[in-house]
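In: following is a predicted model, sequence given first.
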Amino acid sequence: MHPADFDPLSDLPDPSAGLAMDDILRVGGRQATAAQDAIACEQAVALEYNGIAHAALLASPLHLHELALGFSYTEGIIRSPADVLDMDVDTTPDGLVVRMRIVNARLHALKLRRRTLAGSTSCGLCGVQSLAQIRRDLPPLAEPQRPWAIGAVESALNQLRRRQPLHNLTGATHAAAWAEPDGRLAWTYEDVGRHNALDKLIGRLLRETVDPGAGFAVISSRASFEMVQKAQAAGIRALVAVSAPTTLAVRLAREAPMMLAGFARDGRCTVYSRPDYLDLESRT
């Protein structure tokens, strides 16, 4: 597939920016053929707040403003887009740096948080010191105004397959998309990291001031605890995953409460939480 053949619905401003062409050798049986292949770009992306280096991610070098905004919000660093006064992306020899300037109140909260996390080596999740810190204290989600039609979910999933140009070329990226109540996909973001793809989508929702309770999110990956927690932090009431959930993800979705569906493909899905949020009779 050539970049010009990409689905025009894609949100990628330039699909080629997320991939690189490289020389490879295709081997099959006793045949070997020299060719070029598309490889997904993966770069180190550092996030800085008022000159303080806080996090380093491995991500696709696309939509970094949305990534930084979504990450900052789902991690509780900011409480609204207005907390970010300005943002710039710089290229360095080691990767990309997103430099943000945030309001003093949120900077103070970030410094207090970093102080409590300093020196921890007991857990692999963002430097948390104890298992209790993995779960954020988030307000419960309100119920949706009306259930989502199963037809809308199926429509969103069918569109998602066509809106992953980087994955279609490289096979190495995940996608997160926002579906309107009727199933129409408004925005889709790809990244080599599934958390990054969801953060990019959430960053877009924040920029557009979208009501997160109106539509639902569709992801091409498995539904892990972190994915459900990010969705809850953003106020998303339904998360539909192409792959499987984990036990902690199911538990959190039930407590949120949030509709969580997995194995959503080929006109089928498995609903693990809040099946009453899904209208099995309606196609639209």
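Out: That came through fine.
In: hey, let's count contacts and neighbours off CA atoms from now on
Out: Fine.
In: okay, now the unreliable bits of this protein?
Out: Along the chain, the parts satisfying pLDDT under 70 run over 1-15, 115-133.
In: so where do the helices sit in it?
Out: Per DSSP state H, the chain carries helices over the ranges 64-74, 104-117, 150-162, 165-170, 194-208, 225-234, 247-255.
In: tell me the spacing between the residue most central in space within the chain and Arg161.
Out: Central residue of the chain (Cα atoms, centre = their mean): Leu198, 1.0 Å from the mean position. Distance, Leu198 to Arg161, by Cα to Cα, to the nearest Å: 16 Å.
In: repeat for Glu143
Out: Glu143 is 29 Å from Arg161, by Cα to Cα.
In: Leu239 too?
Out: In terms of Cα to Cα, Leu239 sits 17 Å off from Arg161.
In: before we move on, back to that, TSV for the helices of the chain, including distance to Gln43?
Out: TSV is the format used below for those (distance: least, Cα to Cα, whole Å):
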stretch	distance to Gln43
helix 64-74	11
helix 104-117	24
helix 150-162	24
helix 165-170	15
helix 194-208	12
helix 225-234	21
helix 247-255	28
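In: which of those helices sits closest to Ile52?
Out: helix 104-117 (9.1 Å; Cα to Cα).
In: nearest spatial neighbour of Cys41, chain-adjacent residues omitted?
Out: For Cys41, the nearest residue in space outside its immediate sequence neighbours is Leu19; the separation is 4.9 Å by Cα to Cα, 6 or more residues apart in numbering.
In: so how far is Thr173 from the one you found?
Out: Leu19 is 10 Å from Thr173, by Cα to Cα.
In: kindly report the same for Leu57.
Out: 15 Å.
In: neighbour-wise, which of those two wins?
Out: Using other Cα atoms under 10 Å as the criterion, Leu57 and Thr173 rank with Thr173 on top: 26 against 14.
In: the residue nearest to that one when sequence neighbours are not counted: how many residues sit nearby?
Out: By the measure of Cα to Cα, 6+ apart, the closest residue to Thr173 outside its immediate chain neighbours is Val192, 4.3 Å from it. As a burial measure, Val192 scores 23 neighbours (other Cα under 10 Å).
In: now Arg114
Out: The local packing of Arg114 (other Cα under 10 Å) involves 14 other residues.
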